[in-house]
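Novice: sequence first, predicted model second:
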Amino acid sequence: MVAKKIDFKKLGAKAKIAGVGLLVGLVLGVAGTIFFQNFNPEDEHEITASVVFERIVQKNELVSASQDYNITDKFSDANSFFGWFDIPLTWKSFWYRYVGTIKAGVDLEHADYGQFGNTITVTLDQPYIISNTPNMDKSGVLEENNNVLNPIHIEDVDEFQRLCMEMSEAEAIEGGLMDEAKTNAEEDIRDMFNIALGGQYTVQFQWREPQQ
């Protein structure tokens with residue numbers, strides 16, 4: 001029998017290929033083990049209607065309507081004799097412009113929530129005036145007729161501003177600001193539910209009767 005001559009070059013090349021393959025396999029195995037050990041996806045918390053409602057009421061207050069106003073009116077006054085009659089030549093007056101913004105909305109602190117099937121019922125208190133903020137850059141005295149016998153005092157201006165604020169709120173309510181606040185509040189809350197839940201629920205509202 002003739003002994004075969006061993007080709008050490010081919011043997012060495014095969015050994016290198018086997019070594020590289022073993023190394024690649026080892027690296028992939030370790031990487032895969034580390035990946036599956038560390039891959040722990042967070043539990044997906046289902047967003048429910050009650051969760052959405054809790055997030056809504058966290059706002060505490062929902063501004064849903066606003067209205068600008070511009071009141072220009074005249075203030076006049078005279079000294080009186082013990083309230084019986086006005087003293088001649090003591091009249092004073094001024095024209096005043098009072099500009100501001102009224103905001104109305106809903107207090108969410110006492111909001112209630114109920115669900116029956118795919119119908120959500122939200123119960124809310126009546127809307128109210130959240131703020132009445134004057135714009136002092138545009139407000140002020142336009143014209144004044146002062147009187148040395150009965151000068152205009154800062155208290156006169158303060159009292160007139162208070163009357164203007166009361167007038168602005170009364171006119172806003174009479175003009176339907178609270179109805180607008182209701183409509184917008186319902187639309188805003190309904191949109192919050194629809195965005196979070198994909199519009200699969202019907203949202204209806206109940207408004208508590210105002211407290212006497």
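Specialist: Structure received.
Novice: host element of the most centrally placed residue in the chain?
Specialist: By CA atoms, centre = their mean, the chain has its centre lying nearest to residue 62, at 5.5 Å. Assessed by DSSP states H and E, residue 62 sits inside strand 61-77.
Novice: next helix or strand past that strand?
Specialist: Per DSSP H and E, the helix or strand that comes after strand 61-77 is strand 92-107.
Novice: that next one pairs with which strands?
Specialist: strand 61-77 (antiparallel), strand 128-134 (antiparallel), strand 140-145 (antiparallel) (DSSP bridges).
Novice: would you mark the buried spots in the shortest one?
Specialist: The neighbour-count criterion (16 or more other CB atoms under 10 Å) identifies no buried residues in strand 140-145. (Each C-beta comes from the backbone N, C-alpha and C, glycine too.)
Novice: what packs against whichever helix or strand comes after that strand?
Specialist: The helix or strand immediately downstream of strand 140-145 is helix 154-174, counting by DSSP H and E. Helix 154-174 sits against strand 61-77, strand 92-107, strand 128-134, with contacts defined as 3 or more CB pairs under 8 Å, 6 or more residues apart in numbering; DSSP states H and E.
Novice: deepest-packed of these, please.
Specialist: Comparing the helices and strands packed on helix 154-174 by mean neighbour count (mean count of other CB atoms under 10 Å), strand 92-107 ranks first with a mean of 19.
Novice: pLDDT of that strand, averaged?
Specialist: Average pLDDT, strand 92-107: 92.
Novice: next SSE after that strand?
Specialist: That would be, after strand 92-107 and using DSSP H and E, strand 112-116.
Novice: and that following strand, which strands flank it?
Specialist: strand 119-124 (antiparallel).
Novice: how about the CA coordinates for the strand it pairs with, as CSV?
Specialist: Extracted in CSV, the C-alpha atoms of strand 119-124 (Å, rounded to 0.1, in the frame of the first residue of the first chain):
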residue,chain,number,x,y,z
THR,A,119,-72.0,54.6,26.4
ILE,A,120,-70.2,56.9,28.7
THR,A,121,-72.1,59.4,30.8
VAL,A,122,-70.2,62.4,32.2
THR,A,123,-72.0,64.5,34.9
LEU,A,124,-70.8,68.1,35.4
